[in-house]
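In: Okay, predicted coordinates and the sequence, questions at the end:
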Amino acid sequence: MDRTTVRHVTPSAKGCEECLKIGSVWVHLRLCRECGHVGCCDDSPHRHARAHFHDTRHPIIEGYDPPEGWGWCYIDEAFVALPDRTPQIGPIPRFV
């Protein structure tokens, strides 16, 4: 894992950016620790966090809703320790 991709970021939205635009639901949120994109998890219908990784190659996400304090690397397919937890810009709307 490249530690330079774990940054202090500002969340881009109060929910999954793409789901909010299309009026869809999500299960949990994932925060990109390189740019701050907020996307939905793989259990959500559209899997926007994973799509963001494929589009940008930003590999590290944080469990964001609820704030869980863990990280995941899409490249290594492994949990990673994060240096901190990103504060929510909540309240975060719940859909599922």
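Out: Done, it's in. Numbering: from 1, shown residues only.
In: before we move on, which element is residue 19 in?
Out: In this structure, residue 19 sits in helix 17-22 according to DSSP states H and E.
In: Please save the CA atoms from that helix in PDB.
Out: Provided in PDB are the C-alpha atoms of helix 17-22 (Å, rounded to 0.1, in the frame of the first residue of the first chain):
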ATOM      1  CA  GLU A  17     -22.700  11.700  -4.300                       C
ATOM      2  CA  GLU A  18     -24.000   9.700  -7.200                       C
ATOM      3  CA  CYS A  19     -27.000   8.200  -5.300                       C
ATOM      4  CA  LEU A  20     -28.000  11.600  -4.200                       C
ATOM      5  CA  LYS A  21     -28.000  12.800  -7.800                       C
ATOM      6  CA  ILE A  22     -30.100   9.900  -9.200                       C
END
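In: gap between that helix and the chain center?
Out: In terms of Cα atoms, centre = their mean, to the nearest Å, the centre of helix 17-22 is set 14 Å apart from its chain centre.
In: same deal with stretch 6-18?
Out: That offset, for stretch 6-18, works out to 7 Å (Cα atoms, centre = their mean).
In: Quick check: buried residues in it?
Out: Residues 6, 9, 11-18 are the ones in stretch 6-18 that count as buried (16 or more other Cβ atoms under 10 Å). To be clear about C-beta, it is placed using only N, CA and C from the backbone, and glycine gets the same treatment.
In: what's it in contact with?
Out: 20, 24, 26, 29, 31-40, 44, 46, 48-49, 51, 60, 64, 71, 80, 82-84, 86, 88-93, 95 (Cβ atoms under 8 Å, 6 or more residues apart in numbering).
In: And these, which of them are buried?
Out: 20, 26, 29, 31-34, 36-40, 44, 46, 48-49, 60, 64, 71, 80, 82, 86, 88, 92.
In: Need phi/psi at residue 80.
Out: Dihedral angles of residue 80 (phi, psi; degrees, to the nearest 10) stand at phi -130, psi 150.
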